[in-house]
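1. Take a look and give me a structure for this.
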Amino acid sequence: MAKICAFICVLIVAIDVTAGVLSIEAEMGKDRVRYKRLNDFECQEPYDSAFKFGLAAATLLGLAHITENLVGGCMCMCFTEELERSSFNRQLWFACIIVSWIVVAIGFPTLVVGMLENSKSKGSCRTLPHHFLFIGGICCFIHGLLCVAFYVSASVSFVNGRIDGPQEGQYP
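-> Numbering: from 1, shown residues only. All right, here's what the predicted structure looks like:
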């Protein structure tokens, strides 16, 4: 079980890191685009690769989040007795799941907005530069760290047989 948890954790972190790198690469590529000055507005020509990188990053973040929740849910269902006896791990799991949902609720829409910002065929005029792809990339990295915390707490409690609190037959 420990090897499977470690493999899944490494896989999800690799997906999150790839999504983060793609989104930051899209942001850097978008910043290299030529700008035109029209009156008080700054117009930019669209950068097609930023759209593709943003789409790939949003897809990978969604895939990593779905995988993390499916495997985490299976682990919770399979080890309910151990989880019930372990109040610290239960709190840590719950906190990681809630925070990962919040991170994805922020990161996924920012990646989509950054991606759609580069999808216009004629270019866009705006007053302020937006860094949605960069923010989405940072959220991908945070999601990977939360995945590590989630699976490390699972591995420690289930694989090593360590459960916080008194065991059966022991006095508190």
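2. going forward, measure contacts between C-alpha atoms and count neighbours the same way
-> Fine.
3. Surely His143 touches Ile98?
-> No: with contacts counted by Cα atoms under 8 Å, His143 stays clear of Ile98, the gap being 11.2 Å.
4. And these two? Which one has more around it.
-> Between His143 and Ile98, His143 has the larger neighbour count (other Cα atoms under 10 Å), namely 29 against 12.
5. which element is Cys147 on?
-> Following DSSP states H and E, one finds Cys147 within helix 132-158.
6. What is that helix packed up against?
-> helix 2-31, helix 48-78, helix 87-117 (3 or more Cα pairs under 8 Å, 6 or more residues apart in numbering; DSSP states H and E).
7. quick one: buried residues of the first one?
-> If I follow you right, that is helix 2-31. Residues 5, 8-27, 30 are the ones in helix 2-31 that count as buried (16 or more other Cα atoms under 10 Å).
8. got a pLDDT number for Asp40?
-> Looking at Asp40, its pLDDT reads 50.
9. before we move on, what about the one 10 residues further on?
-> Ala50 is assigned 80 on the pLDDT scale.
10. Can we start the residue count at 23 from this point?
-> OK, 23 is where the count begins now, so the last one is Ala72.
11. Can you name the residues that contact the closest residue to it other than its chain neighbours?
-> Counting by Cα to Cα, 6 or more residues apart in numbering, Ala72 lies nearest to Ala48, which is 4.2 Å off, once chain neighbours are set aside. By Cα atoms under 8 Å, 6 or more residues apart in numbering, the contact list for Ala48 reads 71-73, 75-76, 155.
12. Show me which of the residues you listed are buried.
-> So, by 16+ other Cα under 10 Å, the buried ones in the contacts of Ala48 are 71-73, 75-76, 155.
13. mind putting the residues you listed in TSV, distance to Leu138 included?
-> Converted to TSV, those look like this (distance: Cα to Cα, whole Å):
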residue	distance to Leu138
Ser71	12
Ala72	9
Phe73	7
Phe75	11
Gly76	8
Leu155	10
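14. Any regions of this protein where pLDDT drops low?
-> Applying pLDDT under 70 to the chain flags residues 23-24, 53-69, 97-109, 142-151, 176-194.
15. Tell me if I'm right that Phe75 and Ser45 touch.
-> Yes: here Phe75 reaches Ser45: they are 6.0 Å apart, a contact under Cα under 8 Å.
16. and the residue nearest to Ile34 when sequence neighbours are not counted, what does it touch?
-> Closest residue in space to Ile34, ignoring its immediate chain neighbours: Ala86 at 5.4 Å, by Cα to Cα, 6+ apart. The contact partners of Ala86, taken as Cα under 8 Å, 6+ apart, are 34-35, 37-38.
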